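S.K.: No sequence on hand, only this structure:
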């Protein structure tokens, strides 16, 4: 094999990691500023213009903080747990296509690290591995609060993975492939979010639970568990958990954009392939804003309701929606009639409304009409 | 020595040592972690054989779902380091017998292969082609439809059984 191919791979991987790390640093700034704006505050604005140097100041602070290892922890696992959390969040990004390809010094450079045939399944498997870091952090801390956080995290992530899996299946069926590049190309005419808005919404909710973001941040619910699974962590080890959470947010938004919002597609991307990453970046910024918005808007939901919502609402709904999608596409192909195709969004939205009605009725019954 | 052989040898070393680690660690959580490592190694073996789908499914199902549940149960029951339980009297002889049978069988297979100099052929083109998923689905839903459906019914029965069992306990408490 040509050594330049190796060089290209290493460089691309390095650049992607750099982008994710910088993205993490500036996502914290973005989130704090946006949250402050929504709460009519100013937010960090002292370090540098508009507080743009704040992430660097934070990083310096975290590096020089004392790192404490409590006396009775399971040492090996305690040290490894942050690593297990960060690595999946970094390698998830390897299969996401950032664009098609461009010419650099007469050499065609593909804008993705690896274009594997089972890309969607790769994402699922890495996402399912990601739970280990949190669970092990909770267990190895040898602390009841941390342990409860870890147990909650594992239960929550397993429960919401099911609905997430069905949403992946929807995207696979619509794209007719497990290859992410094919899925993006299948959205040239119309984005999948238009055909299957409910699938995209379920995906969104399930990913919020997967990355433990508000309103599903049960593993670290402050008023119940102090800081949950990372109670005993300090300094750089804590920073790694923090980093993993924000990197997962970025990567999940990239996946969401790829599966449902046309990925790197946009006007003029065929002529200027370098526009691809720019479009993807824009979509990711918008989706991240939505995540921050959700955090600023909704209170944390109670743990039993979180589980009930995952198992009794999201799982059946995603099953129904996946069935509707598959049936609609099959019928449209069989009878060559676009009417069946457009029945997919209509029927999905109706089933989502039924689900919302069930939630409403259930909540009203539980609060004895005081709802 | 080709690079593939080196990778294979290193991987087998990891697989065997993680299996031994699983057997001999005193703490149930460490055992579970060694088993996860073992599953991931097996997934890499599948990748070496050119079957990415099975590799990813292996990681998702075994390492990602089943072992997380195991860990969950171990942590929930606080069963990390239980005292050694009373061992069953007939367990050890039976285990030794089964292990000997397995070893004899595998040694026989190895020698039978070597004598008839049957070269281990790579999986046929269909498995390795870009369309490997579609091929597999076709085989699964045409040639092996009955076993597939039976398996799914088996899983459904297990699920219903679990629900029924927990329901009964609730009824008795009332």
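M.R.: Thanks, I have the structure now. Only a predicted model underlies this, so the values are computations on that prediction, with no experimental measurement involved.
S.K.: Tell me the first helix or strand C-terminal of the worst-scoring helix or strand of chain B on mean pLDDT.
M.R.: Lowest mean confidence among the helices and strands of chain B (mean pLDDT, DSSP states H and E): helix B:125-128, at a mean of 48. Using DSSP states H and E, the helix or strand that follows helix B:125-128 in sequence is helix B:132-138.
S.K.: Averaged pLDDT, that next one. What do you get?
M.R.: Averaging pLDDT along helix B:132-138 yields 75.
S.K.: hang on, isn't residue A:108 packed against residue A:101?
M.R.: Yes - with contact defined as C-beta atoms under 8 Å, residue A:108 counts as touching residue A:101 (5.2 Å). Backbone N, C-alpha and C define where each C-beta goes, glycine included.
S.K.: These two: which is more packed in?
M.R.: Between residue A:108 and residue A:101, counted using other C-beta atoms under 10 Å in any protein chain shown, the more crowded position is residue A:101 (12 against 9).
S.K.: thinking that one is in contact with residue A:111, fair?
M.R.: Yes - using C-beta under 8 Å, residue A:101 is in contact with residue A:111, at 6.0 Å.
S.K.: Tell me, how many residues neighbour the nearest residue to residue A:43 once chain neighbours are set aside?
M.R.: Here the nearest residue to residue A:43 in space, its sequence neighbours aside, is residue A:36; by C-beta to C-beta, 6 or more residues apart in numbering or on different chains that works out to 3.0 Å. Here the number of neighbours of residue A:36 (other C-beta under 10 Å) works out to 16.
S.K.: mind checking how far stretch B:90-104 is from the chain centre?
M.R.: Between the centre of stretch B:90-104 and the centre of its host chain there is 20 Å, according to C-alpha atoms, centre = their mean, to the nearest Å.
S.K.: Correction: the previous question concerned stretch A:162-179.
M.R.: For stretch A:162-179 - counting by C-alpha atoms, centre = their mean - the centre lies 15 Å from the chain centre.
S.K.: center of chain A, which residue is that?
M.R.: Per C-alpha atoms, centre = their mean, the C-alpha nearest to the average position across chain A is that of residue A:252, at 2.5 Å.
S.K.: a strand runs through that residue, doesn't it?
M.R.: No - counting by DSSP: H, G, I helix; E, B strand; the rest coil, one finds residue A:252 to be helix, located in no strand.
S.K.: what residues are up against it?
M.R.: Residue A:252 is in contact with A:207, A:210, A:211, counting by C-beta atoms under 8 Å, 6 or more residues apart in numbering or on different chains.
S.K.: List buried residues within these.
M.R.: Neighbour-count burial (16 or more other C-beta atoms under 10 Å in any protein chain shown) is assigned, among the contacts of residue A:252, to A:207, A:210, A:211.
S.K.: Name the residues of the stretch 151-300 of chain A found near chain B, please.
M.R.: A:151, A:154, A:155, A:157, A:158, A:161, A:178 (C-beta under 8 Å from any C-beta of the partner chain).
S.K.: right, and the first one touches residue A:138 too?
M.R.: Yes - between residue A:151 and residue A:138 there is a contact at 6.9 Å, judged by C-beta under 8 Å.
S.K.: Neighbour count for those two, which is higher?
M.R.: Using other C-beta under 10 Å as the criterion, residue A:151 and residue A:138 rank with residue A:138 on top: 30 against 19.
S.K.: in what helix or strand does the residue lying closest to the more buried one once chain neighbours are set aside lie?
M.R.: Excluding its sequence neighbours, the residue lying closest to residue A:138 (C-beta to C-beta, 6+ apart) is residue A:150, at 1.9 Å. Assigned by DSSP H and E, residue A:150 belongs to helix A:144-175.
S.K.: how about that helix: buried residues?
M.R.: Applying 16+ other C-beta under 10 Å to helix A:144-175 flags A:145-175 as buried.
S.K.: Please apply the same query to stretch A:112-126.
M.R.: Neighbour-count burial for stretch A:112-126, with 16+ other C-beta under 10 Å as criterion, is recorded at A:112-113, A:116-126.
S.K.: Nearest to residue B:37, out of those: which one, please.
M.R.: Taking C-beta to C-beta as the measure, residue A:125 is the one of these closest to residue B:37, at 15.0 Å.
S.K.: I figured the closest one hits residue B:60, correct?
M.R.: Yes - using C-beta under 8 Å, residue A:125 is in contact with residue B:60, at 4.2 Å.
S.K.: State the distance from residue A:285 to residue A:278.
M.R.: As for residue A:285, its distance to residue A:278 is 11 Å (criterion: C-beta to C-beta, to the nearest Å).
S.K.: I meant residue A:138, not that one.
M.R.: Counting by C-beta to C-beta, the gap from residue A:138 to residue A:278 is 40 Å.
S.K.: And residue B:82, what's its pLDDT?
M.R.: 60.
S.K.: what's the longest helix in the chain?
M.R.: With no chain named, the answer covers chain A. Using DSSP state H, we find that the single longest helix of chain A is helix A:3-38.
S.K.: oops, I was thinking of chain B
M.R.: Max-length helix for chain B by DSSP H is helix B:145-173.
S.K.: Counting by contacts, list what it packs against.
M.R.: Judged by 3 or more C-beta pairs under 8 Å, 6 or more residues apart in numbering or on different chains; DSSP states H and E, helix B:145-173 has no packing partners among the helices and strands.
S.K.: packing partners for the helix or strand harbouring residue B:13?
M.R.: Applying DSSP H and E as the criterion places residue B:13 in helix B:3-24. In terms of contacts (3+ C-beta pairs under 8 Å, 6+ apart), helix B:3-24 is packed against helix B:28-48.
S.K.: Count the residues that sit near the residue of chain B found nearest chain A.
M.R.: Closest approach between chain B and chain A, counting by C-beta to the nearest C-beta: residue B:64, at 2.6 Å. Other residues lying near residue B:64 total 26 when counted by other C-beta under 10 Å.
S.K.: where does it fall, helix, sheet strand or coil?
M.R.: Under three-state DSSP, residue B:64 comes out as helix.
S.K.: what's the nearest residue to it if we skip its chain neighbours?
M.R.: residue A:128 is the one closest to residue B:64 (C-beta to C-beta, 6+ apart), at 2.6 Å.
S.K.: if I pick that neighbour, what's in contact with it?
M.R.: By C-beta under 8 Å, 6+ apart, the residues touching residue A:128 are A:161, B:59, B:60, B:63, B:64, B:65, B:68.
S.K.: if we go to 7 Å?
M.R.: Residue A:128 sits next to A:161, B:60, B:64, B:65 when contact means C-beta atoms under 7 Å, 6 or more residues apart in numbering or on different chains.
S.K.: do residue A:209 as well
M.R.: A:156, A:160, A:216, A:310.
S.K.: That one: helix or strand, and which one exactly?
M.R.: helix A:197-210.
S.K.: follow-up on the earlier one: which of the residues of the stretch 151-300 of chain A next to chain B sits closest to chain B?
M.R.: residue A:154 (4.7 Å).
S.K.: Does the closest one touch residue B:72 like I think?
M.R.: Yes - the pair residue A:154 / residue B:72 is scored as a contact, 4.7 Å apart, by C-beta atoms under 7 Å.
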